[in-house]
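*Asks:* A structural model of the following input is requested.
(one chain, ligands or ions: 1)
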Amino acid sequence: MKLRNKTIVVTGAASGIGAEVARLARFEGATVIGMDRTEPGLTLDGFISVDLGQPASIDAAVAQLPQRVDALCNIAGVPGTADPALLARVNYLGLRHLTEAVLPRMPAGGAIVNVASILGAEWPERLALHKQLAAVRGFTEGQAWLDAHPVPADTCYQYFKEALIVWTYVQSQKWFLQHSVRMNSVAPGPVFTPILGDFVSMLGEERVQRDAHRMKRPAYADEVAAVIGFLCSDESRWISGVNLPIDGGLASTFI
Ligand SMILES: NC(=O)c1ccc[n+]([C@@H]2O[C@H](COP(=O)([O-])OP(=O)(O)OC[C@H]3O[C@@H](n4cnc5c(N)ncnc54)[C@H](O)[C@@H]3O)[C@@H](O)[C@H]2O)c1
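*Replies:* Coordinates of the predicted model:
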């Protein structure tokens with residue numbers, strides 16, 4: 001994995017998948033700058049405290065970044081047990097705002113990796129809506145569109161992971177053609193991190209039991225981190241606009 005001499009920004013670096021990506025990228029020789037609302041308990045090359053649900057906080061954080069950022073890993077997120085308005089801001093609107101603000105610092109060959117979820121797999125059922133939202137530029141404008149097109153609270157986690165996958169699809173090729181910056185998403189199945197229990201509460205025992213028989217086990221965070229690291233590396237330089245499942249085969253059982 002070629003990450004030497006790359007500067008990589010990792011959101012959600014204080015916990016779970018983000019912490020594992022930060023650890024792996026540093027081991028592979030990258031300079032890693034973490035962004036999180038929580039102070040991380042691991043060694044980083046830089047840390048910027050940010051609330052990814054607030055555009056002003058995001059702008060202040062981006063202003064502290066170095067001029068060159070080779071890769072951005074959008075990993076921070078809140079589970080479906082969080083307040084739906086917060087979830088929309090952190091998991092989708094803030095992620096887009098951060099990405100658009102970091103893009104001017106990314107050189108040709110740069111890479112963006114968005115962490116979606118297996119729970120976004122039903123994006124084709126709402127494709128027209130997700131494409132409309134993807135076409136709305138700006139945090140405030142996106143918020144206004146959502147006010148006019150309310151999302152059911154009980155499935156808002158799934159909705160915004162679907163929306164993230166669709167935004168990745170529709171936006172990635174524009175940026176690859178214009179800036180030679182690649183953007184991909186990954187769709188992990190269940191992962192052993194502190195929010196795994198929230199997913200069990202959100203989905204209910206019946207769905208959890210249904211899926212439990214179709215998979216070997218939840219992933220370990222380092223198994224997800226290795227794939228994100230690969231998508232940041234030069235070895236994946238011809239992969240763009242992809243949503244890659246990292247789920248031990250679980251999604252293949254949905255057809
Ligand atoms: N754990 C799973 O089973 C699973 C499965 C599929 C996808 N995911 C996705 O993976 C990503 C990482 O989740 P994880 O499992 O490592 O969870 P985690 O809770 O261990 O890590 C999430 C991190 O995001 C940070 N964060 C949350 N809100 C923030 C905000 N407003 N501003 C700044 N930082 C904020 C948290 O402080 C935390 O460090 C999320 O996007 C999640 O939706 C997780």
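*Asks:* Over to the residue lying closest to residue 44 once chain neighbours are set aside: give its phi and psi.
*Replies:* Nearest non-adjacent residue to residue 44, counting by C-beta to C-beta, 6 or more residues apart in numbering: residue 34, 4.6 Å away. C-beta here means a position set from N, CA and C on the backbone, and glycine is covered the same way. In terms of degrees, to the nearest 10, the main-chain angles of residue 34 are phi -90, psi 150.
*Asks:* Quick one: residues contacting residue 34.
*Replies:* Applying C-beta atoms under 8 Å, 6 or more residues apart in numbering to residue 34 gives the contacts 9, 10, 11, 13, 14, 18, 22, 40, 44, 46, 47, 48.
*Asks:* Repeat that for residue 133.
*Replies:* Per C-beta under 8 Å, 6+ apart, neighbours of residue 133: 142, 145, 146, 149, 163, 166, 167.
*Asks:* Repeat that for residue 236.
*Replies:* Residue 236 neighbours (C-beta under 8 Å, 6+ apart): 111, 182, 184, 230.
*Asks:* Residue 67 now?
*Replies:* By C-beta under 8 Å, 6+ apart, the residues touching residue 67 are residue 105.
*Asks:* can you rerun that using 10 Å?
*Replies:* Contact partners of residue 67, counting by C-beta atoms under 10 Å, 6 or more residues apart in numbering, are 7, 104, 105, 107.
*Asks:* ok, and the closest non-adjacent residue to the first one?
*Replies:* Spatial nearest neighbour of residue 7, chain neighbours left out: residue 31 (4.7 Å); criterion: C-beta to C-beta, 6+ apart.
*Asks:* Backbone dihedrals for that neighbour, please?
*Replies:* Here residue 31 shows phi and psi, under degrees, to the nearest 10, equal to phi -90, psi 120.
*Asks:* Let's see the pLDDT reported for it.
*Replies:* At residue 31, the pLDDT value in this model is 98.
*Asks:* How about the residues of the stretch 51-200 of the chain by the ligand?
*Replies:* 51-53, 75-78, 90, 115, 117, 188, 190-191, 193-196, 199 (C-beta under 6 Å from any ligand atom).
*Asks:* Among those residues, name the ones in helices.
*Replies:* Judged by DSSP state H, these include 196, 199 as members of helices.
*Asks:* Any of the residues of the stretch 51-200 of the chain next to the ligand buried? List them.
*Replies:* The neighbour count (16 or more other C-beta atoms under 10 Å) marks 51-53, 75-78, 90, 115, 117, 188, 190-191, 193, 195, 199 as buried among these.
*Asks:* what's around the residue nearest to residue 7, how many residues?
*Replies:* Residues near residue 31, counting by other C-beta atoms under 10 Å, number 19.
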